[in-house]
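Asker: Any chance you could fold what I've pasted below:
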Amino acid sequence: MKQKLECLVEEMIDRRIFLAEALDEFEKKFIQTALTKTRGNQTKAAEVLGVHRNTLNRKIGQYKLNGHR
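Answerer: Numbering: from 1, shown residues only. I've put the predicted structure just below:
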């Protein structure tokens, strides 16, 4: 896992992707995956992510996520 992450970070730096954009994309994907795994159940997804449900709901709005795919 660590090696995959290191390769990904190197590639992102080479492509001149800034930290803020990388963090946003990571968070968006992390949330979307949790929502998919919990079949859109925001309460369960919040537990999986270790955040309050209100925080998750705000992030879903911020990233314009549908709940699950």
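Asker: can you give me the helices for this structure?
Answerer: 2-14, 19-37, 42-49, 53-62 (DSSP state H).
Asker: hey, which of those helices is tucked in deepest?
Answerer: Of all these, helix 42-49 has the most neighbours on average by mean count of other CB atoms under 10 Å, namely a mean of 17. Yep, even glycine has a C-beta here, placed from its N, CA and C like the rest.
Asker: Now do the same for that helix: mean pLDDT, whole number.
Answerer: The predicted model assigns helix 42-49 a mean pLDDT of 97.
Asker: go on, stretch 60-68?
Answerer: Taken as a whole, stretch 60-68 carries a mean pLDDT of 84.
Asker: now that we're looking at L65, which residues does it contact?
Answerer: L65 makes contact with 28, 31-32, 35, 59, according to CB atoms under 8 Å, 6 or more residues apart in numbering.
Asker: ok, so of those, who is nearest L49?
Answerer: The shortest gap between L49 and any of the contacts of L65 belongs to I31, at 6.7 Å (CB to CB).
Asker: so that closest one touches R58, yeah?
Answerer: No. The pair I31 and R58 fails to qualify as a contact (CB atoms under 8 Å) at a distance of 10.7 Å.
Asker: quick one: K59 and G50, what's the gap?
Answerer: Look at K59 and G50: by CB to CB, to the nearest Å, they are 13 Å apart.
Asker: what's the answer for R16, then?
Answerer: Counting by CB to CB - R16 and G50 are separated by 31 Å.
Asker: Likewise for K64?
Answerer: Using CB to CB, K64 is found at 22 Å from G50.
Asker: repeat for L23
Answerer: Going from L23 to G50 by CB to CB gives 17 Å.
Asker: How about G61?
Answerer: In terms of CB to CB, G61 sits 19 Å off from G50.
Asker: and what of K28?
Answerer: Distance from K28 to G50, counting by CB to CB: 17 Å.
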